[in-house]
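**Q** how would this look folded up:
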Amino acid sequence: MGSPYGALAGAKLRSLASSPRLLMLRSAGDVVIVAMEALAPLLLVSRFGSIAGWSGPEVVMLIGVARTGEGLALIVGRGIDPNTFGDTVRLGRFDQILTRPVSPLLWLLTSDVELRFVFRAVAGAGVVLWSAHSLGVLSPGTAAVLAAAAVSSAVFVLSTLVIGAAMTFRTVEGSDFALLLSNGGMGLAAFPLEVYSSALRLIFTFLVPVGLCVYVPVLTVLDRDGPGLLGPGLLPLLPIVLGVFGGLSLLAWRRGIRHYESTGS
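**A** The predicted structure follows:
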């Protein structure tokens, strides 16, 4: 017998495939958004010369890594998006999930697969490849570092969504804080950390490790030094800090379930 998670994800994928026109329209929107976001720094650099000393293709690489990771995370993360999960809790659907002999978190991750975000991830990856080729740094080694950065960014986004879902057990209406961390964090990482204050750089590198997920790997690929303590030498810390962050998100989820009160629906 196959995994119930695989069966659930497969059913969702089949339902999405039944309306390909809608899927393609929504997917095209994601591709256009990533392309326009990548075009913006190129236009800025053509006017002002650089962004905090970074060339247009270098900034585009940051954007591509961030959006690739975000796309990968949102393929399976919509079920724990705080707004979506708020409806799940408020309408009593989470009570039904708890009655199933499966992990509630894995059930939520496989119950709302969004194929259109595959296109966001692919568009982001295309932007990364273009920038690496333009900068002359494309090689198997750099591709491996950039791929690891994209996967790390996906783990970061999923972890923030899990934290938001855990907070929703108490707030019910969803947590804007988690959306701020995930969306805002990826938006912040799309620009060189040199443009931010030293306090923000430390916060978004070690406490909220979006800088470690995006900025530090790109520094490594470009063989650049960052401001202050930031630099390629921090790359080995990425799995450690991200692992702690992910572990804290799972701990928050378990505590949220433990304090969850049924809606009675």
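**Q** ok, for T88, nearest residue in space, not its chain neighbours?
**A** F94 (5.1 Å; C-beta to C-beta, 6 or more residues apart in numbering). C-beta here means a position set from N, CA and C on the backbone, and glycine is covered the same way.
**Q** Quick check, that neighbour in contact with G256.
**A** No: judged on C-beta atoms under 8 Å, F94 makes no contact with G256 at a distance of 10.6 Å.
**Q** Who has more neighbours out of those two?
**A** F94 (23 against 18; other C-beta atoms under 10 Å).
**Q** Could you tell me how far that one is located from L109?
**A** Computed as C-beta to C-beta, to the nearest Å, the F94 to L109 distance reads 14 Å.
**Q** With V145 instead?
**A** 27 Å.
**Q** Of those two, give the one with the bigger neighbour count.
**A** More crowded of V145 and L109, by other C-beta under 10 Å: L109, with 22 against 19.
**Q** Off-centre distance for the helix or strand containing the more buried one?
**A** Using DSSP states H and E, L109 falls within helix 104-111. Mean C-alpha position of helix 104-111 versus that of the full chain (C-alpha atoms, centre = their mean, to the nearest Å) differs by 17 Å.
**Q** Quick check: which helices or strands does it pack against?
**A** Other helices and strands packing on helix 104-111, by 3 or more C-beta pairs under 8 Å, 6 or more residues apart in numbering; DSSP states H and E, are helix 4-17, helix 56-77, helix 93-98.
**Q** Low-confidence stretches in the chain?
**A** 1-27, 29, 172-176, 262-265 (pLDDT under 70).
**Q** can you point me to the longest helix in it?
**A** Identified as the longest helix of the chain according to DSSP state H is helix 140-171.
**Q** Enumerate every residue touching I75.
**A** V113, E114, L115, F117, V118, A121 (C-beta atoms under 8 Å, 6 or more residues apart in numbering).
**Q** Check which residues of the host helix or strand of A199 are buried.
**A** Taking DSSP H and E as the criterion, A199 maps to helix 198-202. Neighbour-count burial for helix 198-202, counted by 16 or more other C-beta atoms under 10 Å, picks out R201, L202.
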